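> here are the coordinates; sequence isn't available:
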C-alpha cells in the first residue's frame with residue numbers, strides 16, 4: 001500500500017478527530033434534509049386540506065345560486081372567501097369551462113385553456129395541482145384546488161381556486177435557518193468532544209506501540225503501567241502477560257493435533273494440487289473412510305456442489321477454479337454436498353481458507369464443514385407445515401364464505417318472510433279493530449314499525465353476509481355500493497377512483513376481493529377515527545393495484561406485528577391470507593398520528609375473462 005505524502009500523514013488522534021467530526025457533519029446534514037423534507041410535506045398537506053375544505057364548502061353553498069342563476073349571491077360567496085389568508089383567486093366554471101363568476105370580474109365569460117382549468121372541468125372529484133404562476137402576480141407559486149358542484153348526480157359546474165405557496169416557503173426558510181444554527185452548534189460541540197475522545201483513546205495506544213517496537217527490536221521488556229478498565233486496559237494487561245510468558249511458552253504439534261482431533265466438524269487440509277494432506281477423525285467417521293484411504297486422494301472425490309447451485313459454487317469442482325476462489329479470499333458458509341464412501345451425499349455448510357507462506361504464495365488450504373442434515377430436515381418440515389397451514393387457512397376461509405351464504409339465504413328466505421307475514425297479519429288485525437280501541441291500534445302500529453326496523457336489520461345482515469349486489473351487478477358495482485354504504489353508516493367520507501374490474505376475475509375471486517376491501521373499511525371504522533378515506537383501483541400489465549388510505553390516528557406497525565398471536569386481532573391476518581390466496585402481495589404503511597396506507601397487488605386471472 002502506498003504511503004500518503006508526508007504532509008498528509010496524520011497521527012491517530014487527528015484521524016479519529018476528523019472521522020468523528022465528519023460523521024457528525026454527515027448526521028447533521030442528513031437530519032437537516034430529512035427535517036426540511038418532512039416539514040415541507042406537512043405544510044403542503046395542510047395547504048391541500050384547507051383548500052379542499054374551502055372548495056367543498058363553496059361547492060355546497062353555490063348549488064342554489066347556480067340553479068337560479070343568482071350571480072350577486074355567487075359574487076358575495078366569492079368575495080367572502082377571498083378574505084381568507086393566502087387565497088389568490090376564485091372562479092366558478094360551468095360544465096363547458098366558461099367562467100361564470102371570478103374574483104376578478106374582468107375574467108367573467110372567458111374560457112381558460114390552461115392545464116389546471118381543463119383538469120378542474122374534467123375531474124370527477126375534488127383535486128389539486130401544484131406550483132403554477134398566477135396571472136396577476138408574476139412569479140408567485142401557488143396550488144390549484146378544485147371541486148365539482150353537483151346536485152343529484154348532475155354536474156352544475158366547478159369551483160377552482162388558487163392557494164398561495166408563500167406560507168409554505170416562509171415556514172421552510174425559517175426551519176432551514178433554525179436547522180443551520182443547531183447544526184453549526186452541534187458540529188462545534190462534536191469537534192470538541194471528538195478531540196477529547198481521540199486524545200483519551202490515542203494516548204495509551206501510543207504507549208503500547210512504543211513498547212511493542214522495543215520488544216520487536218530486542219530491547220528490554222518493560223511492562224506497561226496503563227491502568228484502565230476498558231479494552232485498552234485489557235490490551236495492556238495482555239501485553240504484559242505476553243512478554244512475561246514469551247520465553248517459556250511454546251505450542252507443540254501434538255497439542256494442535258489433539259485440538260483438531262477433538263473437533264466435531266469435518267476438517268480437511270490439502271495441498272495446492274488439491275491432494276488431501278490430512279483429515280481429522282470427524283471427517284473419517286462422517287464419510288466412512290479410514291484416514292489412509294483419503295490421504296493423497298483428490299479433494300473433489302469427497303465433495304461436490306449442490307444441484308442448482310451458483311456458477312461460482314460449480315467452479316469449485318475444478319482445482320484451478322477452487323484456488324481462484326481461495327486467492328480472492330476465504331470461502332465462507334457455502335452449501336455443498338460431501339460424498340461418502342458408499343456413494344451417499346450429505347449436505348454440508350462449507351468454509352475454506354488458503355494457507356500462505358511469507359511471500360503470499362498458496363501452500364495449501366484448510367477446509368471445514370458441518371453436517372446440516374438435521375437442519376435441512378427441519379427446514380423441509382417447516383416448509384411442509386407452512387404449506388399445509390396455508391391450505392387449511394384457505395379451506396377455512398372458503399368454508400366461512402359458504403356458511404355466510406347459507407346464513408344469508410336463511411335470514412332472507414325464512415326469517416325475512418316470517419317477519420313479512422307477521423306484519424301482514426298485524427295489519428289485518430289492525431284493520432279489524434273498532435274506533436274505540438285506540439290504545440290497541442296504537443300498540444299495533446308501534447309493533448309494525450318495530451317489525452319494519454327488524455326487517456331492515458335482517459336485510460342489512462343478509463347483505464353483509466352475502467352481498468347480493470356482487471352477484472347481481474358485479475364487482476365494480478359492489479365496491480361502489482360498499483363505499484357509499486360506508487359513508488352513509490359511519491359518516492366518514494370515502495372517495496373512490498376505479499377501473500372496471502369485474503371481468504378480470506372469476507366469481508370466487510371477486511367475493512374474496514370484496515371481503516378484503518370490506519375488512520379494510522371495517523377496521524378503519526372501528527379503530528382509525530378517520531374523517532377521510534380514499535380508495536384507488538387500477539389495472540396495468542395484467543396486475544390490479546388496490547390502494548386504500550385514511551387520515552386517522554394510525555398505529556405503530558412494528559409493535560402490532562410483534563405482538564403474540566393471542567393478542568392480535570384477525571383483521572390484518574385475514575386480509576393477508578386472502579391476498580395470498582389470490583397470488584398477490586400486500587404492503588402496509590402506518591405511523592401514529594399520520595393515518596394508514598394499505599396497498600396490495602393482485603394478478604389478473606385469465607380464467608375469469610369473459
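Great, that's in hand. Just so you know, these numbers come straight off a predicted model, no measurement behind them. Numbering: from 1, shown residues only.
> please enumerate the strands of the stretch 401-550 of the chain.
With DSSP state E, counting those that start in this stretch, the ranges of strands along the stretch 401-550 of the chain come out as 493-498, 532-540, 543-550.
> what's the closest of the ones you listed to residue 301?
Shortest distance between residue 301 and these, using CB to CB, is found for strand 543-550: 50.2 Å. All C-beta atoms are positioned from the backbone trio N, CA, C, and that covers glycine.
> buried set for that closest one?
544, 546-550 (16 or more other CB atoms under 10 Å).
> follow-up on the earlier one: switch the strands of the stretch 401-550 of the chain over to TSV; also include mean pLDDT.
Shown next, in TSV, are the strands of the stretch 401-550 of the chain (pLDDT from 0 to 100):
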stretch	mean pLDDT
strand 493-498	91
strand 532-540	91
strand 543-550	92
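> number of residues surrounding the closest residue to residue 366 other than its chain neighbours?
Of all residues not flanking residue 366 in the chain, residue 269 sits nearest, at 5.0 Å (CB to CB, 6 or more residues apart in numbering). Neighbour count for residue 269, taken as other CB atoms under 10 Å: 17.
> mind checking how far residue 269 is from residue 361?
17 Å (CB to CB, to the nearest Å).
> from what I can see residue 335 touches residue 345, true?
No: assessed by CB atoms under 8 Å, residue 335 is found out of contact with residue 345, at 12.0 Å.
> so what's residue 128 closest to, chain neighbours aside?
Distance criterion CB to CB, 6+ apart; nearest residue to residue 128, sequence neighbours excluded, is residue 145 at 4.5 Å.
> and that neighbour, which of the three is it?
The three-state label for residue 145, taken from DSSP: H, G, I helix; E, B strand; the rest coil, comes out as strand.
> isn't it right up against residue 161?
Yes: using CB under 8 Å, residue 145 makes contact with residue 161 at a distance of 5.5 Å.
> who touches both of those two?
Contact criterion CB atoms under 8 Å, 6 or more residues apart in numbering; residues shared by residue 145 and residue 161: 51, 54-55.
> okay if I get the residues you listed as JSON lines plus distance to residue 294, neighbour count and pLDDT?
Shown next, in JSON lines, are the shared contacts of residue 145 and residue 161 (distance: CB to CB, whole Å; neighbours: other CB atoms under 10 Å; pLDDT from 0 to 100):
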{"residue": "51", "distance to residue 294": "80", "neighbour count": "24", "pLDDT": "81"}
{"residue": "54", "distance to residue 294": "85", "neighbour count": "19", "pLDDT": "84"}
{"residue": "55", "distance to residue 294": "83", "neighbour count": "26", "pLDDT": "85"}
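> give me the subset of the residues you listed lying in strands.
Judged by DSSP state E, the shared contacts of residue 145 and residue 161 include no members of strands.
> restricted to helices, list those residues.
Judged by DSSP state H, these include 51, 54-55 as members of helices.
> could you dump these into JSON lines and include distance to residue 113?
Shown next, in JSON lines, are those (distance: CB to CB, whole Å):
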{"residue": "51", "distance to residue 113": "23"}
{"residue": "54", "distance to residue 113": "25"}
{"residue": "55", "distance to residue 113": "21"}
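> care to break this protein down by domain?
By the record's domain assignment, the chain is partitioned as 10-218, 253-371, 378-462, 470-608 (automatic domain parsing).
> ranges for the helices of the stretch 251-400 of the chain?
With DSSP state H, counting those that start in this stretch applied, the stretch 251-400 of the chain shows helices at 253-261, 281-287, 291-294, 311-315, 319-328, 373-410, listed in chain order.
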